[in-house]
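*Asks:* missing the sequence, but the structure's below:
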């Protein structure tokens, strides 16, 4: 549809070229937002409030679709204050350009046979605003990843300390976790109710063979080692900073090689 819209705009001998471009871009916007923002997902968000049209029929507004496309179920204050993303401005700009496009879908003296300068201006402004929307979607996810990486490290260290790690426990008489590192931290799901991250890293540990008494007498052994640590984190999206370790498994296969 985008290619068709741009092709229409290139038909400079067609006095309806701007009108066709405007109609195609308006419909493309509707389809993109419908794809990115399913009704059921929007209704589950903590920020959702049911809107109604002039006839009292419940509707899903364009503003709600844009908000969901950008932030899914994240709380509005978290997005604005913690992530520093102004979704309201994006909604306003997108709404303004769609109103302008709507005007060109109604033929009249002012909207027929638009000159080249006005056509180029409309096209550039429209494409810039559409691009900004999609860039804001990506930016929000990147800022979420940055904001929660520290919380993930804290959750991981707490998990490693608070429970027995079977994959380490089976290697020695005793073990001690010195540190856990997150090397790759990626957002894998952001929906109306959950936020999920996948991560890979490593754990520094000390493996002890024999009891503390054995070691003190010189009959025991302590060895420093490091193992890969794939894990997954999850949080209720209404409280995204409260990350929990959902899945953690130390890969101790190198010990047996």
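*Replies:* Good, I have the coordinates. No experiment lies behind these values; they were computed from the predicted model shown.
*Asks:* which ones are touching the residue nearest the centre of the chain?
*Replies:* Centre of the chain computed as the mean C-alpha position; nearest residue by C-alpha atoms, centre = their mean is residue 141, 3.1 Å away. Contacts for residue 141 (C-beta atoms under 8 Å, 6 or more residues apart in numbering) come out as 187, 190. For every residue, glycine as well, the C-beta is placed using N, CA and C.
*Asks:* What of the one 10 residues further on?
*Replies:* Residues in contact with residue 151, defined by C-beta under 8 Å, 6+ apart, are 241, 242, 243.
*Asks:* Out of those residues, who's the most crowded?
*Replies:* residue 243 (23 neighbours; other C-beta atoms under 10 Å).
*Asks:* Pull the contacting residues for that one.
*Replies:* Contacts of residue 243 by C-beta under 8 Å, 6+ apart are 148, 151, 152, 155, 197, 233, 234, 235.
*Asks:* Specify which member of those is nearest to residue 109.
*Replies:* The nearest member of the contacts of residue 243 to residue 109, counting by C-beta to C-beta, is residue 148 at 54.6 Å.
*Asks:* who touches that closest one in this structure?
*Replies:* By C-beta under 8 Å, 6+ apart, the neighbours of residue 148 are 195, 197, 233, 235, 240, 241, 243.
*Asks:* Which residue is the nearest non-sequential neighbour of residue 224?
*Replies:* residue 206 (5.6 Å; C-beta to C-beta, 6 or more residues apart in numbering).
*Asks:* What values do phi and psi take at the one you found?
*Replies:* Per-residue torsions, residue 206: phi -120, psi 120 (degrees, to the nearest 10).
*Asks:* same question, residue 236
*Replies:* phi -60, psi 130.
*Asks:* and which of the contacts of residue 243 is nearest residue 49?
*Replies:* Using C-beta to C-beta, the contacts of residue 243 come closest to residue 49 at residue 235, 23.3 Å.
*Asks:* and the closest residue to that closest one other than its chain neighbours, how far is that from residue 82?
*Replies:* Leaving aside its sequence neighbours, residue 235 sits nearest to residue 243 (C-beta to C-beta, 6+ apart; 4.7 Å). Separation of residue 243 from residue 82 (C-beta to C-beta, to the nearest Å): 14 Å.
*Asks:* I'd like the contacts of residue 243 as JSON lines, with secondary structure, pLDDT and distance to residue 133 appended.
*Replies:* Shown next, in JSON lines, are the contacts of residue 243 (DSSP: H, G, I helix; E, B strand; the rest coil; pLDDT from 0 to 100; distance: C-beta to C-beta, whole Å):
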{"residue": "148", "secondary structure": "helix", "pLDDT": "95", "distance to residue 133": "23"}
{"residue": "151", "secondary structure": "helix", "pLDDT": "93", "distance to residue 133": "28"}
{"residue": "152", "secondary structure": "helix", "pLDDT": "94", "distance to residue 133": "28"}
{"residue": "155", "secondary structure": "helix", "pLDDT": "93", "distance to residue 133": "32"}
{"residue": "197", "secondary structure": "strand", "pLDDT": "97", "distance to residue 133": "24"}
{"residue": "233", "secondary structure": "strand", "pLDDT": "96", "distance to residue 133": "28"}
{"residue": "234", "secondary structure": "strand", "pLDDT": "97", "distance to residue 133": "28"}
{"residue": "235", "secondary structure": "strand", "pLDDT": "96", "distance to residue 133": "26"}
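*Asks:* May I ask which of those has the most neighbours?
*Replies:* The contacts of residue 243, ranked by neighbours (other C-beta under 10 Å): first place residue 233, 26 neighbours.
*Asks:* Any idea what it is bridged to?
*Replies:* residue 197, residue 245 (DSSP bridges).
*Asks:* okay but it is in contact with residue 244, surely?
*Replies:* Yes - using C-beta atoms under 8 Å, residue 233 is in contact with residue 244, at 6.7 Å.
*Asks:* which residues are common contacts for the two?
*Replies:* residue 155.
*Asks:* can you pull the contacts of residue 116?
*Replies:* For residue 116, the contact set (C-beta under 8 Å, 6+ apart) comprises residue 12.
*Asks:* Next one: it from residue 203, what distance?
*Replies:* 64 Å.
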